[in-house]
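Undergrad: need a structure here:
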Amino acid sequence: MEKVVDCIENAYQEFVAALANVLETKASANGERTAATDAALENLKKKKESFKVACDQADHLVDSVKQSITANNTFPVNEDMIDVFNHADAVADYHDE
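TA: This is a model prediction of the structure:
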């Protein structure tokens, strides 16, 4: 689980750094579109996708753990409840006759 969290954190930090780079590059180009701004935007796009993939992997891990927990969970059956159900069935059968 720590590995997944570290992966998300690293991807997020890289995404934020790429975003800062876009802003700096745009500012140094006086808002004009240049090869440098295009490269910065492309890098930002890649870092955004990497961050999304890291989040999706974490989401799959959480879903897998949830399924594992619910699949392995057994609920104890109270014997008194079984008696109540049996009694209700007997009463229903009696009224049907």
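Undergrad: report the rounded mean pLDDT for the helix or strand containing residue 27.
TA: Per DSSP states H and E: residue 27 is located in helix 2-28. Regarding helix 2-28, the rounded mean pLDDT is 95.
Undergrad: ok, the spatially most central residue of the chain to residue 11 distance?
TA: Residue closest to the average C-alpha location in the chain (C-alpha atoms, centre = their mean): residue 59, at 2.4 Å. As defined by C-beta to C-beta, to the nearest Å, residue 59 lies at a distance of 13 Å from residue 11. C-betas here are computed from N, CA, C, even on glycine.
Undergrad: residues of stretch 60-74 that come out buried?
TA: Going by neighbour count (16 or more other C-beta atoms under 10 Å), nothing in stretch 60-74 comes out as buried.
Undergrad: now the helix holding residue 27, how far from the centre of its chain.
TA: 19 Å (C-alpha atoms, centre = their mean, to the nearest Å).
Undergrad: and the following helix or strand past that helix, what does it pack onto?
TA: Using DSSP H and E, the next helix or strand after helix 2-28 towards the C-terminus is helix 35-72. Helices and strands touching helix 35-72, by 3 or more C-beta pairs under 8 Å, 6 or more residues apart in numbering; DSSP states H and E, are helix 2-28.
Undergrad: buried residues in stretch 35-45?
TA: Those would be 37, 40, 41, 43, 44, for stretch 35-45 by 16+ other C-beta under 10 Å.
Undergrad: who touches the spatially closest residue to the last one that is not a sequence neighbour in this structure?
TA: To tie it back to what came earlier, the one meant is residue 44. Sequence neighbours aside, residue 18 is the residue nearest to residue 44 in space, at 4.3 Å (criterion: C-beta to C-beta, 6 or more residues apart in numbering). Contact analysis of residue 18 by C-beta atoms under 8 Å, 6 or more residues apart in numbering lists 40, 43, 44, 46, 47, 48.
Undergrad: residues contacting the first one?
TA: This points to residue 40. 18, 21, 22, 25, 26.
Undergrad: any idea how far the residue nearest to the centre of the chain lies from residue 46?
TA: 20 Å.
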